[in-house]
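# Give me a model of this one.
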Amino acid sequence: MSDTDHVPRYPNDAVAHTNKSSDEAARRWRVAIEIGDQGSGTEKTSVKTVSAEKIESGEDFAIETLIDDRVLAIFRHAGKWYAIDGMCSHQGGPLAEGVVRDGCVTCPWHGWQYDLATGIQMINRQPLQESFPIRQIENRVEVSLH
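Numbering: from 1, shown residues only. Below you'll find the predicted structure:
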């Protein structure tokens, strides 16, 4: 089956499939987090600020942010960055407020669990949460939505 023949089977499958392109030049990266002094960001931007000390401590954390009218949950877990749709596909719970363990986030509302890297729901193994490419370049963490 070619990319043009892809038939979406699950709610987020259509967008997730097209967003997995390996063509870096075609990606549009958006700054989601700036690493620096707390309070260095402005109130007029949705870019969140995280202290360099928090990153260096190795502490796991999650941040909810808005990029292009999309709510995203961005996780720092086990030294890696992850970005997934911030609203649980079950009933819209805030995934950034969920508990993260072993590469999986548990929605705080009803306990649905998703793999951070793929968005796959852990019980039925279906790709229900859209996941996004994410990278850190110097003091910026960027997400590609398209």
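
# what's the weakest-modelled helix or strand in this structure?
Every helix and strand of the chain was ranked by mean pLDDT, DSSP states H and E. The lowest is helix 13-19, at a mean of 44.

# Show me where this protein has its helices.
Along the chain, the stretches classed as helices by DSSP state H are 13-19, 52-57.

# contacting residues around the residue most central in space within the chain?
Centroid-nearest residue in the chain: Ala83, 1.3 Å away (criterion: CA atoms, centre = their mean). Neighbouring residues of Ala83 by CB atoms under 8 Å, 6 or more residues apart in numbering: Ala32, Leu72, Ala73, Ile74, Phe75, Ser131, Phe132, Pro133, Ile134, Val143. Where C-beta positions appear, they are placed from N, C-alpha and C, glycine not excepted.

# Quick check: which ranges of the protein have low pLDDT?
1-26, 38-45, 146 (pLDDT under 70).

# Which parts of it are strands?
29-35, 48-50, 61-67, 70-77, 80-85, 99-101, 104-106, 113-115, 131-132, 134-137, 140-144 (DSSP state E).

# Could I get those strands in JSON lines, plus columns for distance to Gly93?
Formatted as JSON lines, the strands of the chain follow (distance: least, CB to CB, whole Å):
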{"stretch": "strand 29-35", "distance to Gly93": "20"}
{"stretch": "strand 48-50", "distance to Gly93": "20"}
{"stretch": "strand 61-67", "distance to Gly93": "11"}
{"stretch": "strand 70-77", "distance to Gly93": "10"}
{"stretch": "strand 80-85", "distance to Gly93": "11"}
{"stretch": "strand 99-101", "distance to Gly93": "12"}
{"stretch": "strand 104-106", "distance to Gly93": "10"}
{"stretch": "strand 113-115", "distance to Gly93": "11"}
{"stretch": "strand 131-132", "distance to Gly93": "17"}
{"stretch": "strand 134-137", "distance to Gly93": "21"}
{"stretch": "strand 140-144", "distance to Gly93": "20"}
